[in-house]
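[1] output the structure for:
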Amino acid sequence: MALILLPLSYVLGAFAATVIPSVPASADGNWGLSFQQDGKPPVANATADELKQYNAWYADLSGEKVIYLTFDAGYENGNTPMILDTLKKHQVPAAFFVVGNYLETSPDLVKRMVSEGHIVANHTYHHPDMSKISDPESFAKELSSLETSYTEITGENMRKYYRPPQGKYSKANLQMAKALGYQTFFWSLAYVDWYQDKQPTKEEAFKKLLGRIHPGAIVLLHSTSSTNAAILDELLTKWEEMSYRFGTLDELVQKAAAL
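    Model (predicted):
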């Protein structure tokens, strides 16, 4: 049994990671996954039923061969245009979880995401450890500040879809997000793709992304990864050849709420 825990820390324009023990959903901690069998959904450190009461999700457990592709975008380093080109080629929808810095520095790319039918979602304005924020007003400001900036850029209201920075959450956080009308999205498949000076090889990426793909996966990739940009065309083709289709987070919410 392999244990992979992927908290994602946005520090000085780069992502860092630490590995810590899993914790239950009732405590502060990091989102964690235990992959017990390739091709099957992992065991998470909170169950789908536990998360559902907070309108929080990590996978579509209906059994359908559908993939929900998401990207975390903390900053722009030139790889997103190629990613968008590939998504357009395959007509694959995606969700981009962005922070304030991304909106400030890359408004044209944000507009392109929207115009090409992708969801732009909330990764907070400053990318703090939200599990350490207990004040509802401070929690809400991290989300509303990003909403305001997004509306100023696009003229549209932002979807109330939220991903906790660094993968850190608490029961209180999930409740605060729900009270603000948000759906919270974790993930069921990710890999170490964020180190700019230590990018994975194509073979390393495919081993994880093909071996561990499973029905209903919420896949988290980083748009800063040159490997992701380079392999995405072939990766999407291989997933399609495995009889997967690609869904939107809107669809996932509708399906999950009905289960």
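[2] mind checking which helix or strand the nearest residue to Ile133 once chain neighbours are set aside is in?
    Closest residue to Ile133 apart from its sequence neighbours, by CB to CB, 6 or more residues apart in numbering: Phe139 at 4.9 Å. Every C-beta, even on glycine, is put in place using the N, C-alpha and C of the backbone. Per DSSP states H and E: Phe139 is located in helix 136-154.
[3] from the contact counts, what lies against that helix?
    helix 100-105, helix 107-115, strand 119-122, helix 171-179 (3 or more CB pairs under 8 Å, 6 or more residues apart in numbering; DSSP states H and E).
[4] want to throw these into TSV with mean neighbour count?
    Shown next, in TSV, are these (neighbours: other CB atoms under 10 Å):
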stretch	mean neighbour count
helix 100-105	18
helix 107-115	17
strand 119-122	24
helix 171-179	18
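[5] closest to Gly29 out of those?
    helix 171-179 (10.3 Å; CB to CB).
[6] and that closest one with helix 136-154, angle?
    50 degrees (axes from the mean of the first three to the mean of the last three CA atoms, to 10 degrees).
[7] neighbouring contacts of helix 171-179?
    25-27, 51, 54-56, 130-131, 133-134, 136, 139-140, 143, 162, 164, 184 (CB atoms under 8 Å, 6 or more residues apart in numbering).
[8] how does it look with 7 Å?
    25-26, 54-56, 130-131, 134, 136, 139, 162, 164, 184 (CB atoms under 7 Å, 6 or more residues apart in numbering).
[9] show me what the helix or strand containing Val219 packs onto, helices and strands only.
    Using DSSP H and E, Val219 sits within strand 217-222. Applying 3 or more CB pairs under 7 Å, 6 or more residues apart in numbering; DSSP states H and E, we find strand 217-222 packed against strand 66-73.
[10] for the helix holding Phe139, give the mean pLDDT please.
    The average pLDDT within helix 136-154 is 98.
[11] pull out the buried residues from it.
    By 16 or more other CB atoms under 10 Å, the buried positions in helix 136-154 come out as 139-140, 142-143, 145-147, 149-150, 153-154.
[12] how many neighbours does Gly155 have?
    Close neighbours of Gly155, defined as other CB atoms under 10 Å, add up to 9.
[13] gap between it and Val110?
    Gly155 sits at a distance of 12 Å from Val110 (criterion: CB to CB, to the nearest Å).
[14] again, but for Leu69
    17 Å.
[15] give the other helices and strands that the host helix or strand of Ala229 contacts.
    Here Ala229, judged by DSSP H and E, is contained in helix 226-241. On a contact count with 3+ CB pairs under 7 Å, 6+ apart, helix 226-241 meets helix 80-90, helix 202-211.
[16] follow-up on the earlier one: now, which of the contacts of helix 171-179 sits nearest Thr224?
    Thr224 lies nearest to Pro164 out of the contacts of helix 171-179, by CB to CB, at 18.6 Å.
[17] contacting residues around the closest one?
    Neighbours of Pro164 in contact, by CB under 7 Å, 6+ apart: 130, 173, 184.
[18] one more pass at 6 Å, please.
    Met130 (CB atoms under 6 Å, 6 or more residues apart in numbering).
[19] give me the pLDDT value at it.
    At Pro164, pLDDT is 97.
[20] quickly note the distance from it to Met158.
    16 Å.
[21] pLDDT score for Ala256?
    Per-residue confidence (pLDDT) for Ala256: 79.
[22] wait, which of the helices and strands packed on helix 136-154 is closest to Ala46?
    helix 171-179 (9.2 Å).
[23] give the next helix or strand downstream of the closest one.
    Immediately after helix 171-179, counting by DSSP H and E, sits strand 183-185.
[24] average pLDDT across that next one?
    For strand 183-185, mean pLDDT is 98.
[25] can you count the residues close to the closest residue to Gly211 other than its chain neighbours?
    Excluding its sequence neighbours, the residue lying closest to Gly211 (CB to CB, 6+ apart) is Asp38, at 4.5 Å. By the criterion of other CB under 10 Å, Asp38 has 13 neighbours.
[26] same question for Gln91.
    Counted with other CB under 10 Å, Gln91 comes out at 10.
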